[in-house]
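# Sequence plus the predicted model coming up.
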Amino acid sequence: MFGTDMDNDVALGLFEEGATLVLLGVPEGIELGLDYKTWTLGPRFRGVKMIPPGLHFLHYCSANTESARVEICPKRGLFLSLKPREVIIAHWNKSDDDLDFSQNAEEVERVRDNLKELDTYLGPYPYDTLRKWVSLTDRLSQELASALQPLSGRVSFSDMVPELQLTHTKDREEHNLPRNDQECQSMKEGLDRLPRMKQREGTELRFSHIPKQVYPPGATPAQITKYSMDLSYNLNCVLESRYRHQPLNLLGELQFAFVCFLIGNVYEAFEHWKTLLSLLCRSEEAIKEKKDLYLGLISVLYHQLGEIPPDFFVDIVSQCNFLTSTLQDFFQFVRSPGVDNTLRKKAVKFQAHLTKKFRWDFDADLEDCAPVVVVLPDGVTVD
């Protein structure tokens, strides 16, 4: 299951210096993964050994095998920062279908003293995927991952609950909503009867807030136009509110969102990744002023786009897709006067790489994909 072709001396060194994750009572048949690898567990599984120190993403989803067909539950995951020779123990909680991490120091020491006896039940860390994992998280620290993880401690598919508990007809009447026993007269009325949902408190990913208003208060019409085309003001607001002293941590947030989507299967994280990417790529003045941020962005995107399965782009990517239009703006801005020459050269190479790998044409005219602008009689425009 955890096969490796590692040299014996190297394996011994990793066994001595690597961290160990002991997972007790995990049912057979569960899908469990560490970082970039996933396995279906057998009856002898007790954990993972030889884990390199650093940040890791443990993810798992239980399966209901009692029914006629196997039902896979939504995936859960959490980021862990492991130290050399550290031993972490977790027990499977059957009622919650989740892992409970032990805080018992005596239990940890007892397991540490018996690691050699437990060795045959531990699978080695998949070192063949370590390089990929590091390339996806080199900007993400444990402190940042902890700050972005939900308060529940688990990254998972959105856990939604009704905003209002309207269980009785009287409750619905008090909120001026139609009764459930009345026949719907229209689709709108039917939709109105559905409960409005919100994410369960404590399960939300704690991403940076990106203001919907992209221009400063009191902006003139000319300034509104300017800041709507160049999102640098909006980007600076995000950096100032959360990453004033460490602006490059925004790249760590971009990596966090990508991992939560690619490995954790959280669509909300994909939407945030797209929003962050659009914000960064469409900030013309920031591209001139923040060379290090954008040199880092190119490196982050190079590895991220290299790990997305090719068939992922079949429906999402076309000539009028989000990625090509967003990156086209970036490649156009990076050629502007005042942009650092090193950044410009790296961007040109990155564009050539994407064109060759995905056959994306960044020089095509995308006017046909632009939003339609409607001018109303009073001069107000609506996209």
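Thanks, I have it.

# Reduced to three states, what does Asn265 come out as?
The three-state label for Asn265, taken from DSSP: H, G, I helix; E, B strand; the rest coil, comes out as coil.

# Spatially nearest residue to it (excluding sequence neighbours)?
The spatially closest residue to Asn265, leaving aside those adjacent along the chain, is Lys75, at 5.1 Å (CB to CB, 6 or more residues apart in numbering). Placement of C-beta: from N, CA and C, glycine included.

# how close does that neighbour get to Thr38?
Distance, Lys75 to Thr38, using CB to CB, to the nearest Å: 9 Å.

# Who has more neighbours out of those two?
For Lys75 versus Thr38, neighbours defined as other CB atoms under 10 Å are more numerous around Lys75 (21 against 15).

# Look up how far Leu262 lies from the more buried one.
Using CB to CB, one gets 12 Å for the distance from Lys75 to Leu262.

# Same check on Pro84?
When CB to CB is the yardstick, Pro84 and Leu262 sit 28 Å from each other.

# who's more crowded, those two?
Leu262 (19 against 12).

# Show the model's pLDDT score for the more buried one.
The predicted local confidence for Leu262 comes out at a pLDDT of 93.

# shouldn't it be in contact with Ile308?
Yes: checked against CB atoms under 8 Å, the pair Leu262 and Ile308 is within contact range at 7.1 Å.

# tell me the domain ranges of the protein?
Domain assignment for the chain by automatic domain parsing gives 8-137, 160-199, 221-369.

# possible to save those domains as TSV with distance to Leu144?
Shown next, in TSV, are the domains of the chain (distance: least, CB to CB, whole Å):
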stretch	distance to Leu144
domain 8-137	9
domain 160-199	21
domain 221-369	5
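
# for those, which one sits closest to Phe207?
domain 221-369 (5.0 Å; CB to CB).

# Pro150 falls within a strand, correct?
No: the assignment for Pro150 by three-state DSSP gives coil, which leaves it out of any strand.

# Quick check: the closest residue to it other than its chain neighbours vs Arg112, distance?
Computed as CB to CB, 6+ apart, the closest residue to Pro150 that is not its neighbour in sequence is Thr203, at 5.0 Å. Applying CB to CB, the value for Thr203 to Arg112 is 33 Å.

# Look at these two and report which has more neighbours.
Thr203 (18 against 15).

# My assumption is that the more buried one lies in a strand; please confirm.
No: per three-state DSSP, Thr203 lies outside any strand segment and is coil.

# Tell me if I'm right that it and Gly153 touch.
No: in this structure, Thr203 is not within contact of Gly153 by CB under 8 Å, at 9.8 Å.

# looking at this structure, which helix or strand does the model trust least?
strand 374-375 (a mean of 36; mean pLDDT, DSSP states H and E).

# which parts of whichever strand or helix holds Ser325 are buried?
Ser325 is located in helix 322-333, with elements delineated by DSSP states H and E. Residues of helix 322-333 classed as buried: 323-331, 333 (neighbour count, 16 or more other CB atoms under 10 Å).

# Go ahead and flag the most central residue of this protein.
For the chain, the residue whose C-alpha lies nearest the mean C-alpha position (CA atoms, centre = their mean) is Ala257; its distance is 2.3 Å.

# Now Lys132. Nearest residue, chain neighbours left out?
Spatial nearest neighbour of Lys132, excluding adjacent residues (CB to CB, 6+ apart): Tyr36 at 5.2 Å.

# got a list of what that neighbour touches?
Taking CB atoms under 8 Å, 6 or more residues apart in numbering, we find Tyr36 in contact with 126, 129, 132-133, 136, 263.

# From His56, how far out is it?
Tyr36 is 10 Å from His56, where distance means CB to CB.

# and for the two, which residues touch both?
Listed contacts common to Tyr36 and His56 are Trp133; contacts here mean CB under 8 Å, 6+ apart.

# Could you list the low-pLDDT ranges of the stretch 1-150 of the chain?
The model of the stretch 1-150 of the chain has pLDDT under 70 over residues 1-11, 63-72.

# burial measure for Pro216, as a count.
12.

# Secondary structure element holding it?
Under the assignment here (DSSP H and E), Pro216 is part of no helix and no strand.

# go on, Lys345?
For Lys345, the host element (DSSP H and E) is helix 341-358.

# May I see the buried residues of that helix?
Across helix 341-358, burial judged by 16+ other CB under 10 Å covers 343, 346-347, 350-351, 354.

# Could you do stretch 301-309 as well?
301, 303-305, 307-308.

# on that earlier part again, and for the helix holding Ser325, what's in contact with it?
Applying CB under 8 Å, 6+ apart, the set of residues contacting helix 322-333 from outside is 274, 277-278, 280-282, 284, 287, 316-317, 339, 347-348, 351, 354, 360-362, 366, 369.
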